[in-house]
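# Provide a 3D model corresponding to the input given below.
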Amino acid sequence: MHLLRTKSVEQSVRDTEEPTHRLRRALGPLDLTVFGVGVIVGTGIFVLTGQVARDNAGPAVALSFILAAVVCGLAALCYAEFASTVPVAGSAYTFSYATLGEFPAWIIGWDLILEMALGAAVVAVGWSGYFASLLDGIGVTVPEVIAAPPGEGGTVNVPAIALVLAVTALLVLGIKISSMVNAVVVAIKVAVVLLVIVAGLFFVKGANYDPFIPPSKSTPEVGGLDAPLIQVLFGFTPVAYGWLGVFSALAIVFFAYIGFDIVATAAEEAKRPQRDLPIGLIGSLVITAVLYAAVSTVVVGMQHYSELSTEAPLADAFKAAGHPVFATIIDIGAVVGLITVVMILLLGMSRIFFALARDGLVPAWLSVVHPRFGTPYRSTVIMGVIVAVLAGFIPLAELATLVNIGTLFAFVVVSAAVVILRRTRPDLPRAFRTPLVPLVPALSILACLFVMLNLPVETWLRFVVWMVVGIVIYAAYGYRNSRLRDGADLPMKS
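The predicted structure follows:
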C-alpha cells in the first residue's frame with residue numbers, strides 16, 4: 001500500500017551524501033549535550049517550580065521532577081537506539097519512515113513542526129516579557145503597544161520578533177557557530193542555576209519542609225473543554241497534594257524536559273553519531289534532572305510552598321529573603337537562557353522541514369544546503385519567519401499545550417518504532433541498544449499516554465484539527481511528489 005511505503009535505512013543514509021543536500025558534520029558529544037541542556041533548562045526551571053509546588057505537590061515537587069525525568073528517560077533510551085542506528089536529520093519523522101511507512105511519517109513530521117514552531121514562539125514571547133521587565137528595572141519602559149500582540153493589550157511584539165530573526169540568522173551562518181554561542185549562553189544559564197542552589201542553601205528553613213508531602217485534598221473539578229481528558233473519560237476527581245498530587249504534578253513538570261529529543265534532529269551533523277547521539281540525549285537529560293530536583297528542593301526550603309510566586313519563583317524567593325541583588329541576577333539569567341531555547345527549537349524545526357523536503361513531501365528546493373555555511377538555509381529562513389509572525393502577532397497562551405501533546409505523540413511513535421525495527425531489521429548494526437525490549441518501550445508508551453490523558457479536551461480537539469490539515473496537505477502534494485512514489489527513488493531537484 002502506497003500510504004505505508006517505507007524508506008529503507010540504507011536509502012536514508014545514502015541521501016545524506018548527495019552534494020547539494022549534505023549537512024556539515026561538526027558536532028561532538030559535548031556540543032550535543034550542551035544543545036540538550038540549552039533547550040531543556042528554560043521556562044520550566046524559572047517558572048514551573050513555584051506553580052507546581054504551590055498548587056499540586058508542596059515541598060515534594062522534587063519527586064515530581066525526578067519521576068518526570070524517569071518518564072522522559074524511557075523515551076530517551078528509545079531515541080538513542082534509533083538515532084545511533086539511523087543517523088539522519090529528521091528525528092522521529094525519519095525513524096517512522098523506516099518502520100511505519102510514509103503517511104505515518106508525514107503525520108509525525110507535521111506534528112513535530114507544530115510542536116517546535118509553537119514552542120519557539122511561546123518561549124520568544126516569554127523572553128520578551130522578561131526583557132521588558134529588566135529594562136523597566138533600570139528605568140526604560142517598553143510601550144505595551146509594541147511588546148504584546150493583538151488581544152493582549154498591544155499591536156505587535158517587537159522584542160519577540162527581533163529575537164527570532166536574530167537566532168534565525170545565527171542558525172543560517174553555521175551549526176558550529178550556533179553551537180559556540182549556545183555553549184556560552186548555557187554556561188551563563190547553568191551558573192545562575194548553581195547560584196540559586198548554593199546561595200539558596202543559606203536561607204533554607206527546615207520548617208518549610210514540614211510536611212514534605214502535605215495531606216491530599218480534593219480540588220474543584222474543571223468542566224467543559226478545559227477538563228482533562230482522563231476526567232471526562234473516567235470521572236476522576238482532581239486531587240492536590242498527597243501522593244496523588246505528586247503524580248498529578250508529574251503531568252505538569254514533564255513539560256519542563258521537553259526538547260531533549262531535538263538532539264536527535266542534529267544526527268546528520270554529528271561527527272560520530274553512533275557514539276555521540278546517545279551521549280547527548282541521555283547526558284543532557286541526567287544533568288537537567290539533577291538541576292531541576294536540586295533547585296526545587298532549595299526553593300521550597302527558602303519560602304513556604306503556599307507563598308511561592310507562580311511567575312518568577314526563584315527571583316521572588318530571594319526577594320522574600322531580603323536579597324534583591326540575587327533576584328536581579330536570576331532575571332538576567334532567565335533572559336539570557338531563554339535565547340538558547342528559541343534557537344534550538346528553530347534548529348530542530350528547520351531540520352525536520354529539511355528532511356521532509358529531501359523526501360519530496362514538501363517542495364524539494366527547500367532542502368538545498370548553503371554552499372558556504374553548510375546549513376539548510378532556505379528551510380531555516382522560512383521557518384524563522386513563520387515563528388516570528390506567530391510570536392509577534394498571535395496570542396499564544398491558549399495554544400501552548402499543543403506543544404506538549406505534539407511531543408508526547410512523537411515519544412509514543414518512536415517507542416513503538418524501536419520494537420518494530422527490531423523485528424523487521426534485526427540485521428542492522430546498533431551502536432546503542434535500548435535495554436529490555438519490548439518492556440522499556442512499552443513502559444514509555446504507557447507513561448506518555450498517561451500524561452496525554454491529563455491534557456485538556458480542548459487541546460485534543462485542536463491537535464486533531466492540525467492533523468486533519470496535515471492530511472489534506474499530504475493528499476494534495478506529498479503523496480504525488482514523494483521520491484518513493486510507485487516504489488521509485490526519484491532524482492532530487494534544487
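# low pLDDT regions in the stretch 251-400 of the chain?
By pLDDT under 70, the weakly predicted segments of the stretch 251-400 of the chain are 310-311, 397-400.
# repeat that for the stretch 101-250 of the chain.
137, 150-152, 220-224, 238.
# ranges for the helices of it?
102-137, 158-173, 175-200, 229-234, 242-253 (DSSP state H, counting those that start in this stretch).
# output the contacting helices and strands for the third one.
With contacts taken as 3 or more Cβ pairs under 8 Å, 6 or more residues apart in numbering; DSSP states H and E, helix 175-200 sits against helix 29-40, helix 158-173, helix 273-302, helix 313-320, helix 324-358. To be clear about C-beta, it is placed using only N, CA and C from the backbone, and glycine gets the same treatment.
# again, only this time at 6 Å
Packed against helix 175-200, as judged by 3 or more Cβ pairs under 6 Å, 6 or more residues apart in numbering; DSSP states H and E, are the following elements: helix 29-40, helix 273-302, helix 324-358.
# next, the buried residues of that helix.
Within helix 175-200, the residues that qualify as buried are 175, 178-179, 181-183, 185-186, 189-190, 192-193, 195-196, 199-200, counting by 16 or more other Cβ atoms under 10 Å.
# same check on the longest one?
Of the residues in helix 102-137, those scored as buried under the neighbour-count criterion (16+ other Cβ under 10 Å) are 102-134.
# swap in the second one?
Residues of helix 158-173 classed as buried: 158-165, 167-168, 170-173 (neighbour count, 16+ other Cβ under 10 Å).
# burial measure for Ala294, as a count.
19 (other Cβ atoms under 10 Å).
# residue contacts, it?
Ala294 sits next to Ile197 when contact means Cβ atoms under 6 Å, 6 or more residues apart in numbering.
# gap between it and Thr85?
34 Å (Cβ to Cβ, to the nearest Å).
# so what touches stretch 123-139?
With Cβ under 6 Å, 6+ apart, stretch 123-139 has contacts from 43, 142, 147, 157, 159-160, 163-164, 331, 334-335, 338, 341-342, 391, 396.
# at 7 Å what do you get?
Stretch 123-139 is contacted by residues 42-43, 142, 147, 157, 159-160, 163-164, 328, 331-332, 334-335, 338-339, 341-342, 345, 391, 396 when judged by Cβ atoms under 7 Å, 6 or more residues apart in numbering.
# how far is that stretch from where the chain is centred?
22 Å (Cα atoms, centre = their mean, to the nearest Å).
# CA atoms only: put that stretch into CSV for me.
Extracted in CSV, the C-alpha atoms of stretch 123-139 (Å, rounded to 0.1, in the frame of the first residue of the first chain):
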residue,chain,number,x,y,z
VAL,A,123,9.3,31.0,24.6
ALA,A,124,10.1,34.1,22.5
VAL,A,125,7.0,35.8,23.9
GLY,A,126,8.1,34.8,27.4
TRP,A,127,11.6,36.1,26.8
SER,A,128,10.0,39.4,25.6
GLY,A,129,8.2,39.7,29.0
TYR,A,130,11.4,39.1,31.0
PHE,A,131,13.3,41.5,28.7
ALA,A,132,10.8,44.3,29.2
SER,A,133,10.8,43.7,33.0
LEU,A,134,14.6,44.0,33.1
LEU,A,135,14.5,47.3,31.1
ASP,A,136,11.8,48.6,33.4
GLY,A,137,14.0,47.9,36.4
ILE,A,138,16.7,50.3,35.0
GLY,A,139,14.1,52.9,34.1
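# list the contacts of the residue most central in space within the chain.
Closest to where the C-alpha atoms of the chain average out (Cα atoms, centre = their mean) is Gly259, at 2.6 Å. Contacts for Gly259 (Cβ under 7 Å, 6+ apart) come out as Val39, Ile40, Ile344, Leu345.
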